[in-house]
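**Student:** Please work out how this folds:
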Amino acid sequence: MWAGSAAKLESPLGIGGGPVFWYDFGDPLTLYTDAGSTLVSADGQLIYQCNDKAGTNHITQSTSSKRPTYKTNITNGFSIARFDATDDYMVNGAFSALGTASRIGFIVVKPVTTTNRLLSLGDDASGSGMLWGLQPNAAVVVAEGNRVWTTVLSTALQQLLTVESTANTNDSLAWLDSVSLSVSSTVVRALDTLSGLVINANDNNPSPPAGQNGGDYAEILVYSPTLSTYDRKRVENYLMAKWGIGA
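**Tutor:** Numbers count the residues shown, from 1 in each chain. This is a model prediction of the structure:
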C-alpha cells in the first residue's frame, strides 16, 4: 500500500536539497559498458559504470568478472542490475565522508541472500563506527553497532527498504514498503562515517570488498540530512509507484 497524505513527486531531485547520490538501474541512459562513453544497448551486457543522477558520485567496476549484468524489462517494464552473490560489486572510493551527519537511505531490491550488506558507506576497518551499511535482514550496521528490525526482505520480489539514522543506531528507524518496522535488537554506536561507498559488498575496505549479497538492484538514493515524514513518504510513493510495489 502506498504511503498516504503525500503529494505526487515528479523527481527525487525536488526533495530537500536533493539526494547525496541517486543510482537508477532502470534508466539505461545512466548505464555504461565502459568508463562513461558507451551506453548499454542489449540485455545481458555487463555494467562498467552507473552514473549518479544527483551529481558526480558515479559508481564503477573495472574488473569484467565482477560487474553486474544489465537485464531489461524485469520489473514493471524497467531494467535492473543483476549482481551475483560471489564477487560482483560497484564502488566509488572517493565518495565524501558523511561523518556524523544524519541520513536516510532508500533501496529497491530483490536480494539473493539476506546475510550481507546491500549498501555500505565508509569502512569498519578501524572498528570505531566508521561505516553505515544497510542489510536485507532489515538492519543498519555501524561498525560493531547495529539495529535489527523484525522483518527480512523477500528474495522473491522487489521491495523498498527505507532506513534513517540521526545520530546513532539507537535512534535509527526503518520502513519496508513504507510500513514502519518493529525493533528486534540494538547495539548502540554513534555515527561517524568515513569516505567511500560500495554496492553489494560489506564495506569499502579491504579491496576488493568482501561479503557479496547478490540480487536484482533497481534504485538507490541517500539524502543527508534526513527528511521530514512528509518528504520521506513522497520519495517512497515515487519509488513504489515506479517499481509496482504494493499496487
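**Student:** show me where pLDDT drops low in this structure?
**Tutor:** For the chain, applying pLDDT under 70 flags the ranges 1-8, 124-129, 204-208, 247.
**Student:** ok, now with 50
**Tutor:** Low-confidence segments of the chain, defined by pLDDT under 50: 1-5.
**Student:** ranges for the helices of it?
**Tutor:** Ranges of helices within the chain are 229-242, based on DSSP state H.
**Student:** Need the distance between the two termini of stretch 60-78.
**Tutor:** 21 Å (Cα to Cα, to the nearest Å).
**Student:** now that stretch, how far from the centre of its chain.
**Tutor:** Relative to the centre of its chain, stretch 60-78 is centred 15 Å away, using Cα atoms, centre = their mean, to the nearest Å.
**Student:** Touching it from outside, list them.
**Tutor:** The contact list for stretch 60-78 (Cβ atoms under 8 Å, 6 or more residues apart in numbering) reads 26, 28, 31, 35, 40, 42-50, 79-84, 87-92, 110, 158, 200, 208, 216-218, 242-244. All C-beta atoms are positioned from the backbone trio N, CA, C, and that covers glycine.
**Student:** V140 and T162 touch, don't they?
**Tutor:** No. Between V140 and T162 there is no contact, the gap being 10.9 Å when judged by Cβ atoms under 8 Å.
**Student:** Common neighbours of those two, please.
**Tutor:** Common neighbours of V140 and T162 (Cβ under 8 Å, 6+ apart) are A174.
**Student:** Now list the buried members of the contacts of stretch 60-78.
**Tutor:** The neighbour-count test (16 or more other Cβ atoms under 10 Å) marks 26, 28, 31, 40, 45-50, 79-84, 87-92, 110, 158, 200, 216-218, 242-243 as buried among the contacts of stretch 60-78.
**Student:** count of neighbours near V152?
**Tutor:** By other Cβ atoms under 10 Å, 15 other residues sit near V152.
**Student:** so it sits right up against N137, yeah?
**Tutor:** Yes. Using Cβ under 8 Å, V152 is in contact with N137, at 5.0 Å.
**Student:** list residues touching both of these two?
**Tutor:** With Cβ under 8 Å, 6+ apart as the test, V152 and N137 both reach T114.
**Student:** Around the nearest residue to E236 once chain neighbours are set aside, how many other residues sit close by?
**Tutor:** Excluding the flanking residues, the one nearest E236 by Cβ to Cβ, 6 or more residues apart in numbering is S178, at 4.4 Å. Using other Cβ under 10 Å, S178 has 21 other residues around it.
**Student:** now R67
**Tutor:** By the criterion of other Cβ under 10 Å, R67 has 23 neighbours.
**Student:** now swap in L29 and tell me
**Tutor:** 10.
**Student:** swap in S185?
**Tutor:** Residues lying near S185 (other Cβ under 10 Å) number 10.
**Student:** ok, L161 - contacts?
**Tutor:** Contacts of L161 (Cβ under 8 Å, 6+ apart): F106, I107, V109, L118, L134, P136, A138, L153, A174, W175, L176.
**Student:** ugh, typo on my part, it should be L121
**Tutor:** F95, L98, L131, W132, G133, T193, G196, L197, N204, V222.
**Student:** before we move on, the earlier item: gap between the residue nearest to E236 and V140?
**Tutor:** Between S178 and V140 the distance is 17 Å, computed by Cβ to Cβ, to the nearest Å.
**Student:** which among the contacts of L121 gets closest to T169?
**Tutor:** W132 (9.5 Å; Cβ to Cβ).
**Student:** thinking again about what came up before, which of the contacts of L121 are buried, as a PyMOL select command?
**Tutor:** Only the buried members of these end up in this PyMOL selection, burial being decided by 16+ other Cβ under 10 Å:
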select buried, resi 95+98+131+132+133+193+196+197+204+222
